[in-house]
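S.K.: below are the sequence and a predicted model; questions follow.
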Amino acid sequence: MRYVAPTREALDRGVLASQPLSEWSSFASFLREEEWPGVEGLNALWPEGSRHRFVEQDKALLDDGLHYEERIARHGAIATRPGNWHDLFNAFVWLRYGPLKRALNARQMAEIAIMGPRERSRPQYALTHFDEAGLIVTLQDSAMLDAWNAHDWHRLFWIHRDAWRRGEARVEVFGHALLEHALTPGKLLVGKALVAMGRDDAAASCAEAIAAGAVLNDPLELRPLPVSGVPGWHPDTSSESFYATAPCFQPLREGRAYPAPYTNPWSRT
């Protein structure tokens, strides 16, 4: 079933104080105000010298005949629908994770050059899944990765809950569709994750790995993570039974295996 976000008038602003939206507090004014922000206000947040701009998506823009990704690559123009949560969160992600977004765009353009604008390759599906629902997860304890590999959610989130609380395991929500879904209080969120072990520069190294084609060549590289299980991210994470009963905690599908955490030989050491 297609997700329908609450209207701006009906939004429970209390969700802005809960994870993952609380991590985006620097953009809170764009969410709390009664009126929808325009592209002018968003464009004022770009760092000086940026070639990218948000442009309102209207008929005149679409009449240029360009694919969404082509317009970004050629002109730095990011089509943004007015009054639209999905595109507003996309703008936030561009502003915070510019190198990641640029890496995805470059890879999409390389695939479009091969496939054309109407067909999609396995890498394109992987890139799109990460763009929409992506998580960057950093772990320090290999035992937590073992639990994740087995879909042992009780062990990953409950037994190791102190590691999450201490920041030894961290999640950065990158996917703008996932942020949009978080507008519904208590909604169970599942993202598509890339995982790094023990890195302080996970987002930067992830961008470099994507740009180099080292990751996101197939959607099966992405690990599902019921991110609502992270302690404190959902009201029920204080209850051990939550990890046995909530429908987001699915067992491992027979024959499913995950790749090792991404490594990036081009990154800083």
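M.R.: Perfect, I can see it now. Numbers count the residues shown, from 1 in each chain.

S.K.: could you use CA atoms for every contact and neighbour count after this?
M.R.: Will do.

S.K.: which residue is nearest the centroid of the chain?
M.R.: Centroid check for the chain by CA atoms, centre = their mean gives Gly175 as the closest residue, at 1.9 Å.

S.K.: surely that one and Phe130 touch.
M.R.: Yes: using CA atoms under 8 Å, Gly175 is in contact with Phe130, at 6.4 Å.

S.K.: just the residues contacting stretch 77-89, thanks.
M.R.: 5, 36-39, 52-58, 68, 71-72, 91, 176-177, 179-180 (CA atoms under 8 Å, 6 or more residues apart in numbering).

S.K.: now do it, average pLDDT.
M.R.: Stretch 77-89 shows a mean pLDDT of 98.

S.K.: which parts of it are buried?
M.R.: Neighbour counts over stretch 77-89 (16 or more other CA atoms under 10 Å) mark 77-82, 85-89 as buried.

S.K.: of the contacts of stretch 77-89, just the buried ones, ChimeraX syntax please.
M.R.: In ChimeraX syntax, the buried subset of the contacts of stretch 77-89 is picked out as below (16+ other CA under 10 Å):
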select :5,37,38,39,52,53,54,55,56,71,72,91,176,177,179,180
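
S.K.: among the contacts of stretch 77-89, which ones are in strands?
M.R.: Judged by DSSP state E, the subset of these located in strands is 53-56.

S.K.: adding distance to Arg253 and pLDDT, write those out as JSON lines.
M.R.: Formatted as JSON lines, the ones in strands among the contacts of stretch 77-89 follow (distance: CA to CA, whole Å; pLDDT from 0 to 100):
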{"residue": "Arg53", "distance to Arg253": "42", "pLDDT": "98"}
{"residue": "Phe54", "distance to Arg253": "41", "pLDDT": "98"}
{"residue": "Val55", "distance to Arg253": "42", "pLDDT": "98"}
{"residue": "Glu56", "distance to Arg253": "42", "pLDDT": "98"}
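
S.K.: so which of those residues comes closest to Leu31?
M.R.: Taking CA to CA as the measure, Leu31 lies nearest Phe54 of the ones in strands among the contacts of stretch 77-89, at 17.2 Å.
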